[in-house]
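Asker: this is the structure alone, sequence omitted:
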């Protein structure tokens, strides 16, 4: 081996270093590129959301007053279910093909790539739902200010769903019971998010201030951002053990 | 005293077996006394009539449902940090009792709600969060048993239990944070709004629930230990294994 | 100076059964340690315990004389693991897979470096098509290209010759020899006899 090659190897060894930003950007870039290659998953999530939200007027009756009253809640429940159905894909493929092992052994801290994966997942599931929600809200005859608060509550609330759901999806990797187990783990934890999220839009629709609900939701988001990426990383470590 | 001596499943198995009957006997005596105070001695409530007597079951089980979750989460923390075997077994043994307490609290609550509020169930913050607690117990038990390798189930469910701890303050403070149908707490450190006999009855019943929970956990942890350690030599040497 | 990798009294149980116990060994720069033994004796688990993927029930792993738990990121930066699962994404090309694998390892690579590495393993013409359209052996070769560019000092290899044809195996042995010559060390679980042209080869038998 030539001296040049040896020094090149040594140089590469010295520059190899892990960082939060390195792990975060790695996971974001890779998962977004994969989602771009296979956009059907994001499209299905959004289609499911629109479909479920359209079923309620058909089942309950389409009187305008009723729709305005149930609109915020129905849209939030539909968004929650759509976000839930997108969860199994978050870690399952990486678990099966061995990527999770490589991530666990990466010099980047687990916090980085866990946060990056959740962020990418939110961009292809939670964000489209948020953007589409005013359109669904129009079908329910919601007022413009309610539509805005609805979208705002989804913007703050769906990342919490992605974080909580991501932790549950990682915990359920390789478990018996699959989707049903994931529902039992994740949906109870989603309940507070649903209450405050739908509560904000409902308060706006009935002429009250949505501020208390939105501040509680934001507090929840901050707490989730601080604690849950760590929990996701820990859950992945347990899963590959 | 060497705590690590009893942290070994083999020694704890025997200790739990010797202690469990005492807790059950104490629980029975306390429950008999508490029910006598609650159903016989305590006066009829001026506003709620005889219905209020359900609190002698309802309040102790509701307290225990939260307290047991907290204890379970503490054992789960030990499991994750120190990788100890007995703590995971204790957490698994507590969960069914915790779920039972949660269920009884919800059930007695709805029987009290029917004559008082005119409905078995309202979607108020405390009831909803207590229902979520029941599902957290179910989720914990389902996840703990969902893996081939029980150690994997221990660690995954431990992490879930710790995430679920955020629900406890929500339940506890729900009557203060929101204007709910569920009445505020009648007992506080500053003094109570209750008759002395009512309070005594309730505290005695709480002690009974406590003793029962410890006894049930000890009995259950024995069977968890037996199942997990079935290949170990000490289990084969047990007289009951013959 | 202590050996780069020291393993002391490692023990691991799977379920109620003890898989292995009291495993101790040391590997220095330029050395290859082959772990041998019949199927199911715990070779894979031993490798996973050394990397830190699996928590051993007893024992310690020392990396440059320090317990691996005190600075796990330092040991992970110096360790490349190649297990049964390739960690490849079917929808990404060989080149993209290689790029992301190296970024995950904390290493930057230029397109030119990657092209050369892929050419060296015979994938130059196929480096832009999705990995799903490559054969099992070709997919293993992406792993070889990754090892060639990976900055790791220690290679932990689980059955590295699986699915490789004769030419592929020769490529791997050549890579391994260069790695050992450059002061690297390797730990491999394999049923084959590995005889790289340089470096010291030792064996560890698991019963």
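Answerer: The structure has been received and is ready for your questions. Please read all numbers here as calculations on a predicted model, not as lab measurements.

Asker: just the helices in chain C please.
Answerer: Assigned by DSSP state H, the helices in chain C fall at C:43-51, C:72-77, C:94-104, C:111-120, C:136-149, C:166-181.

Asker: what's the closest of those helices to residue A:190?
Answerer: Ranking the helices of chain C by proximity to residue A:190 (CB to CB) places helix C:94-104 first, at 30.9 Å. Heads up, the C-betas are built off the backbone N, CA and C, glycines and all.

Asker: burial measure for the residue of chain A found nearest chain C, as a count.
Answerer: The nearest approach of chain A to chain C comes at residue A:98, 2.5 Å away (CB to the nearest CB). Burial measure for residue A:98: 18 neighbouring residues, criterion other CB atoms under 10 Å in any protein chain shown.

Asker: go on, residue A:68?
Answerer: With other CB under 10 Å as criterion, residue A:68 counts 17.

Asker: how much space between the residue of chain B found nearest chain C and residue B:149?
Answerer: Proximity to chain C, evaluated over chain B using CB to the nearest CB, is greatest for residue B:231 at 4.0 Å. The span separating residue B:231 from residue B:149 equals 14 Å under the rule CB to CB, to the nearest Å.

Asker: can you pull the contacts of residue B:201?
Answerer: B:34, B:35, B:37, B:38, B:41, B:42, B:56 (CB atoms under 8 Å, 6 or more residues apart in numbering or on different chains).

Asker: residue B:158 and residue A:114, how far apart?
Answerer: Computed as CB to CB, the residue B:158 to residue A:114 distance reads 18 Å.

Asker: how is chain C partitioned into domains?
Answerer: C:1-78+C:154-207, C:86-151 (automatic domain parsing).

Asker: three-state assignment of the nearest residue to residue A:19 once chain neighbours are set aside?
Answerer: Sequence neighbours aside, residue A:108 is the residue nearest to residue A:19 in space, at 6.4 Å (criterion: CB to CB, 6 or more residues apart in numbering or on different chains). Classification of residue A:108 using DSSP: H, G, I helix; E, B strand; the rest coil returns coil.

Asker: count the neighbours of residue A:108 for me.
Answerer: Residues contacting residue A:108 under the criterion other CB under 10 Å number 27.

Asker: just residue C:90 next, same as before
Answerer: The burial metric for residue C:90, expressed as a neighbour count using other CB under 10 Å, is 15.

Asker: can you pull the residues of chain B lying near chain C?
Answerer: Counting by CB under 8 Å from any CB of the partner chain, the residues of chain B close to chain C are B:83, B:149, B:150, B:228, B:229, B:230, B:231, B:232.

Asker: for ChimeraX, write the selection for the buried entries among those residues.
Answerer: The buried subset of the residues of chain B next to chain C, as determined by 16 or more other CB atoms under 10 Å in any protein chain shown, is captured in ChimeraX by this line:
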select /B:150,228,229
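
Asker: and the furthest pair within the residues of chain B next to chain C?
Answerer: Comparing all pairs in these by CB to CB, the longest separation belongs to B:83 and B:230, at 20.9 Å.

Asker: look at the residue of chain B closest to chain C and give its secondary structure.
Answerer: The three-state label given to residue B:231 by three-state DSSP is coil.
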